[in-house]
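**Q** Please work out how this folds:
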Amino acid sequence: MSGTPVHVVVMAAGQGKRMRSSTPKVLHRIAGRPMLAHVLDAARAVAPKAVAVVVGAGGEAVRSALAAPDLAFVLQDPPRGTGDAVRAALAGLPRDGVTVVVNGDTPLVPGALLRELAERAVRGRLALLTARAPDPAGLGRVVRDAGGGVLRIVEDRDATVAERAIDEIYTGALAAPTALLSAWVAKLEPHNAQNEYYLTDVVAAAIADGVAVEAVVAPDERDTRGINDRAQLAEVERIVQRRCAETLMRAGTAIADPARFDLRGTLECGLDVSIDVGCVFEGRVVLHDGVRVEPYCLLRDCEVGAGSEIRAHSIVEGATIGANAWVGPYARLRPGTVLADEAHIGNFVEVKASTIGRGSKANHLAYVGDATIGEGVNFGAGSITANYDGARKHRTVIGDGASIGSNVVLVAPVEVGAGATIGGGSAITRNAPPGKLTLARAEQTTSDTWKRPAKK
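**A** Here you go, the predicted model:
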């Protein structure tokens, strides 16, 4: 843009009453991030010299959630319309270059469209971002003259019947030379049904000053959709998720049903990865070649090695899984878990802050916490590491090739030697030597005189 400075105003002061929430509207999440964060990504794509975020009620929460060195937060109180919001923001911005204005509740707006608006403004125009909406009800209409030139923007509540039939809508984004925009908003008057200062009235001001008004029509109307209630929030969420799924599928990932796929962070997939229905990915997730994720799993901030399987209804969080391992169904790996290659974690097994060696198995109904387990260990059904004494966590160490029988309690800190066998039902409170059988359970007795109580 020939070195012309670009400033951005993000309007995020709306109260969002229709969301029926104590959370400011722009902090409601799309793909795991506040919707405003997506808009700020687009704003930063124009390489702005300054970004002003206009906030209103709940502004401190917005500032706290999204504070960054390149953002200035401007309070609009009381809320008196979009024109007043821009006027407040411009008071703290440099007067040079051009200014781009965008709504904070349009999380799909691409940075490329904002750049195009800025480029038109650099040429001395007032540039408006518009779209052809299949259902324009409630949105501002773009009124053109017989030659197709933009005459004005009329809000839905102020429009005539004929104007409401127009399907071209104003999206809330525009750009203009900063000096001109400042002059126009300074002259705004609240001549409308809401007694508010409408930013859209700058169109008439531009025409009166002989400044060309140009509309940039968005190629995909969905990119410009604003969010006013939870139904629209869900609609935009599905648009985002469908696009994420399509990107992954084009890169070779098999997704059983894109309509039942949720990505709330980043997902890196190798070759021939398959993802079944209802899976959710949060934070940074890496799936290497041939990984299979069965239905209804949650994976958060984890890495899964080549050829491994995450079986149905499992939760994997903050864990690293080696190659050709399997987890689940109905398993939970908590932060700090590291599974080596070919390790098996079965149904209703929970692992936390533990290292499981190559080929080791905990297949049924077990808890492994704060443990180091060697290679080739079998950890029996119903067995646990008792790692917490009420004040501190303690570690359990199990050597290679050990076998832990069913319903064993390993009371940490304790060490089980390599090749040791722990008999089922034992409560182990002292170190068990390698290569030997260790038992710690009461002697079995039978009473010849006991009789079962009989019902009267």
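
**Q** Give me the most central residue, this structure.
**A** residue 32 (1.5 Å; C-alpha atoms, centre = their mean).

**Q** How confident was the prediction at residue 198?
**A** We have a pLDDT of 89 for residue 198.

**Q** One more: residue 1?
**A** The model's pLDDT for residue 1 equals 64.

**Q** show me where pLDDT drops low in this structure?
**A** 1-2, 193 (pLDDT under 70).

**Q** Got the domain ranges for it?
**A** The record's domain split for the chain, according to automatic domain parsing, is 6-224, 230-438.

**Q** Reformat those domains as TSV; add distance to residue 455.
**A** For the C-beta atoms, the positions are set from N, CA and C on the backbone; glycine is no exception. Formatted as TSV, the domains of the chain follow (distance: least, C-beta to C-beta, whole Å):
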stretch	distance to residue 455
domain 6-224	56
domain 230-438	31
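
**Q** so how far is stretch 238-253 from its chain's centroid?
**A** Distance of stretch 238-253 from its chain centroid, counting by C-alpha atoms, centre = their mean, to the nearest Å, is 15 Å.

**Q** can you pull out the helices in the stretch 201-350 of the chain?
**A** Remark: helices assigned in the stretch 201-350 of the chain by DSSP state H, counting those that start in this stretch are 202-208, 230-250.

**Q** of the ones you listed, which approaches residue 107 most closely?
**A** Taking C-beta to C-beta, helix 230-250 is the member of the helices of the stretch 201-350 of the chain nearest to residue 107, at 6.4 Å.

**Q** Remind me what that closest one packs against, helices and strands.
**A** Identification of packing neighbours for helix 230-250 by 3 or more C-beta pairs under 8 Å, 6 or more residues apart in numbering; DSSP states H and E yields strand 29-30, strand 254-255, strand 261-269.

**Q** Out of those strands, which gets nearest to residue 158?
**A** strand 29-30 (30.1 Å).

**Q** just checking, residue 436 touches residue 422?
**A** No. Between residue 436 and residue 422 there is no contact under C-beta atoms under 8 Å: 10.0 Å.

**Q** More neighbours: which of the two?
**A** residue 422 (27 against 11; other C-beta atoms under 10 Å).

**Q** List the contacts of the more buried one.
**A** 402, 403, 404, 405, 408, 410, 416, 428, 432, 437, 438, 439 (C-beta atoms under 8 Å, 6 or more residues apart in numbering).

**Q** could I get these as JSON lines with distance to residue 258 and secondary structure?
**A** What follows is the contacts of residue 422, written out as JSON lines (distance: C-beta to C-beta, whole Å; DSSP: H, G, I helix; E, B strand; the rest coil):
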{"residue": "402", "distance to residue 258": "45", "secondary structure": "coil"}
{"residue": "403", "distance to residue 258": "45", "secondary structure": "strand"}
{"residue": "404", "distance to residue 258": "43", "secondary structure": "strand"}
{"residue": "405", "distance to residue 258": "46", "secondary structure": "coil"}
{"residue": "408", "distance to residue 258": "45", "secondary structure": "coil"}
{"residue": "410", "distance to residue 258": "45", "secondary structure": "strand"}
{"residue": "416", "distance to residue 258": "47", "secondary structure": "strand"}
{"residue": "428", "distance to residue 258": "50", "secondary structure": "strand"}
{"residue": "432", "distance to residue 258": "51", "secondary structure": "strand"}
{"residue": "437", "distance to residue 258": "54", "secondary structure": "strand"}
{"residue": "438", "distance to residue 258": "53", "secondary structure": "strand"}
{"residue": "439", "distance to residue 258": "55", "secondary structure": "coil"}
